[in-house]
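Enquirer: Fold the following for me, if possible:
(2 chains)
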Amino acid sequence: MFIRNEYLPGMKLNKNIAIPLLLLPVWYLTYHNLQPLTDWIVYSVTGLTKDAHFTEALRFFVFEFPKVMLLLTLIIFIVGIVRTYFTPERTRRALEGKKTFTGNVMAATLGIVTPFCSCSAIPLFLGFVESGVPLGVTFSFLIAAPMINEVAMILLYGMFGFKVAAIYVGTGLIIAILAGWVIGLLKLEKWVEPWVYQLNMGDSGLEEEKLSFVNRINCGYDAVKEIVSKVWIYVALGILVGAGAHGYVPEEFMAALMGKSVWYSVPLSILIGIPLYSNAAGIIPIVSVLIEKGASLGTALAFMMAVIGLSLPEMVILRKVLRLPLIFTFIGIVGVGIMIVGYLFNYIF
Amino acid sequence: MEIKILGSGCSKCKTLEKLTRNIVEQNGIDATITKVEDIVEIMKYGIMTTPALVVDGKVEIKGRVPSALEIKNVLIK
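Expert: Numbering: from 1, shown residues only, chains lettered A, B, ... in the order given. Model prediction:
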């Protein structure tokens, strides 16, 4: 029997889980011996002088790039497996009839693990609202799904450490929960296009298949192949910038505009971020440039969240189902949330 | 055979349409292929993720771009 399901590319072809499982010990050994390995490559093989500027920059790249890629591969693999348990249909069922706050918390959390692509934002929105998921709860999902991204999480962890990555996920969740909750309290259903509530939604008739664990491992493996082949170049760029800037570039360039002492830097970078559109992996190199050149962490993160969480193209898509006042309210509430996060980060770090 | 590609025009939907057309052509399958971009029409099939491949009114694949082989398996049963 063929198995068809959401986001399970190539499953039928690859029934063999030997490869991903064999790669796990290889992963472990490489990851735990990366420092001596890269040191050996940089110092012995190339024969460069220790502590010279160029050598250190090269060493940074040769160590950081494989490190981040290894982390990325493992996390995407695990997330890929976890996501097979959370289809949009199942998430919707979990959220049906959920009231205000509990629903918002659940929706934001499920938004992290449910597979989501912004081109499916409309059918997803309609599917949720149709089946009785409250508007505010739906928004919590729609905010969290793109904004909290596993690739961004790993890159932040790799470049700035655990604390920054954890605060990114934590604050992203809080923004999604609170923004959705506020939208629910404001009772903005009147600003949803009326046809949405008259829509006659059919039943796809696709029964949910039971996946074996072997299938799920294959899904994780496929996710790795798909995502890593897409994002490695952004990772390389981001770390290259980091390596190149290591002591080379004057750190004043962005300080005047996005530094900590500039009080308007956070709202300004959010305003710049909204019309820009990029995926989470693509934005990280830019963030690393900004930070290397003097932007403060909070400002740079606010910029990043505005780019991936509040994108103009997505607003244009959502305009099909939402009236302008609701879209502006949505941007306003999420924008204020991101702004608070930006100031918070600037205050803490 | 009546094939419908559901999708509002994102790149994945275009890929799916192209793949399907190729396979229909290569295998000489007698089928009409329609691209459905109207969201109200799309929602009638009860899907929440696009693109989707509908064959004779039945949703066969949704939310992803399948491999060429998988499409072939769906079309030639």
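
Enquirer: avg pLDDT for stretch A:92-105?
Expert: Mean pLDDT, computed over stretch A:92-105, is 86.

Enquirer: for stretch A:296-304, that is, sorry about that
Expert: The average of the pLDDT scores along stretch A:296-304 is 88.

Enquirer: same question, stretch A:202-216
Expert: 70.

Enquirer: That one: end-to-end distance?
Expert: Its start and end residues considered, stretch A:202-216 measures 28 Å (CA to CA, to the nearest Å).

Enquirer: distance of A:Y264 from chain B?
Expert: 36 Å (CB to the nearest CB, to the nearest Å). Heads up, the C-betas are built off the backbone N, CA and C, glycines and all.

Enquirer: What is the neighbour count of that residue?
Expert: Other residues within reach of A:Y264 by the criterion other CB atoms under 10 Å in any protein chain shown amount to 10.

Enquirer: where does the chain have low pLDDT?
Expert: Defaulting to chain A. Across chain A, the ranges flagged by pLDDT under 70 are A:1-16, A:47-48, A:50-51, A:204-210, A:245-257.

Enquirer: Sorry, I should have been clearer: chain B.
Expert: Chain B contains no residues with pLDDT under 70.

Enquirer: Can you identify the helix in it that spans the most residues?
Expert: Longest helix in chain B by number of residues, with DSSP state H as the criterion: helix B:11-26.

Enquirer: in that helix, what's buried?
Expert: For helix B:11-26, the neighbour count (16 or more other CB atoms under 10 Å in any protein chain shown) marks B:12-13, B:16-17, B:19-20, B:23-24 as buried.

Enquirer: just the residues you listed that are near chain A?
Expert: Residues of the buried residues of helix B:11-26 in contact with chain A (CB under 8 Å from any CB of the partner chain): B:12-13.

Enquirer: Looking at the buried residues of helix B:11-26, spot the one nearest chain A.
Expert: B:K12 (6.5 Å; CB to the nearest CB).

Enquirer: still on that earlier bit, after the longest helix of chain B, which helix or strand is next?
Expert: The helix or strand immediately downstream of helix B:11-26 is strand B:32-36, counting by DSSP states H and E.

Enquirer: Who are the packing partners of that following strand?
Expert: Other elements packing on strand B:32-36 under the criterion 3 or more CB pairs under 8 Å, 6 or more residues apart in numbering or on different chains; DSSP states H and E are strand B:2-6, helix B:11-26.

Enquirer: Name the residues that touch it?
Expert: Strand B:32-36 is contacted from outside by B:1-7, B:13, B:17, B:20-21, B:24, B:42, B:54, using CB atoms under 8 Å, 6 or more residues apart in numbering or on different chains.

Enquirer: show me the contacts for A:E150.
Expert: Contacts of A:E150 were listed using CB under 8 Å, 6+ apart, and they are A:75-76, A:79, A:112.
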